[in-house]
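> missing the sequence, but the structure's below:
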């Protein structure tokens, strides 16, 4: 894989994502990021079970730019920002599917590779590193 481009995933706004103010609750944006990570790893590995993801989120942040409403059609763009010895970074841009200039939120996360049996961090496996490189667009 040498495409070196962001990964994109459509995100559906569900009725229960909306809060009393009529927009998507701030905590739900993190769920959208999580859904994007799930889609990215399915695309890279055809893996969809939790046990197939040998990493944990160590850091997650978000800047809220515009409120998301029920009628909005969303596109989440993601890319790898860094690949370290035991961790990797992702960046997120949640935007209007029809207008990429209309950005609702931006965020980033750091994932640490982890052996759940040994209960310790481990080096990024070569297969994961190779898959991540396809989406690596350093900031």
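Here it is on my side, so go on. Keep in mind the model is a prediction, meaning the values are calculated, not measured. Residues are numbered from 1 along each chain as shown.

> for the helix or strand hosting residue 104, give the mean pLDDT please.
Assigned by DSSP states H and E, residue 104 belongs to strand 99-115. For strand 99-115, mean pLDDT is 97.

> who does the helix or strand just after it pair up with?
Counting by DSSP H and E, the next helix or strand C-terminal to strand 99-115 is strand 120-121. When pairs are called by DSSP bridges, strand 120-121 turns out to pair with strand 99-115 (antiparallel).

> may I see the buried residues of the strand it pairs with?
Buried positions in strand 99-115, judged by neighbour count with 16 or more other Cβ atoms under 10 Å: 104, 105, 106, 107, 108, 109, 110, 111, 112, 113, 114. From N, CA and C alone the C-beta is placed, and that goes for glycine too.

> same question, stretch 13-24
Buried, per 16+ other Cβ under 10 Å, within stretch 13-24: 13, 17, 18, 23, 24.

> then stretch 131-138?
Buried-residue list, stretch 131-138, by 16+ other Cβ under 10 Å: 131, 132, 134, 135, 136.

> so what's the closest residue to the second one other than its chain neighbours bridging to?
Looking back up the chat, that one is residue 132. Leaving aside its sequence neighbours, residue 132 sits nearest to residue 80 (Cβ to Cβ, 6 or more residues apart in numbering; 4.8 Å). Beta-bridge pairing of residue 80 under DSSP bridges involves residue 90, residue 136.

> from residue 32, how far out is residue 80?
18 Å (Cβ to Cβ, to the nearest Å).

> so who does residue 99 touch?
With contacts defined as Cβ atoms under 8 Å, 6 or more residues apart in numbering, residue 99 has no neighbours.

> so it bridges to which residues?
Applying DSSP bridges, one finds that residue 99 bridges with residue 96.

> mind listing the helices for this structure?
Using DSSP state H, the helices of the chain run over residues 26-45, 126-133.

> out of those helices, which one sits most buried?
helix 26-45 (a mean of 17; mean count of other Cβ atoms under 10 Å).

> centre of the chain to it, how far?
Offset of helix 26-45 from its chain centre (Cα atoms, centre = their mean, to the nearest Å): 4 Å.

> by how many degrees do it and strand 99-115 diverge?
If you take axes from the mean of the first three to the mean of the last three Cα atoms, to 10 degrees, helix 26-45 sits at 70 degrees to strand 99-115.
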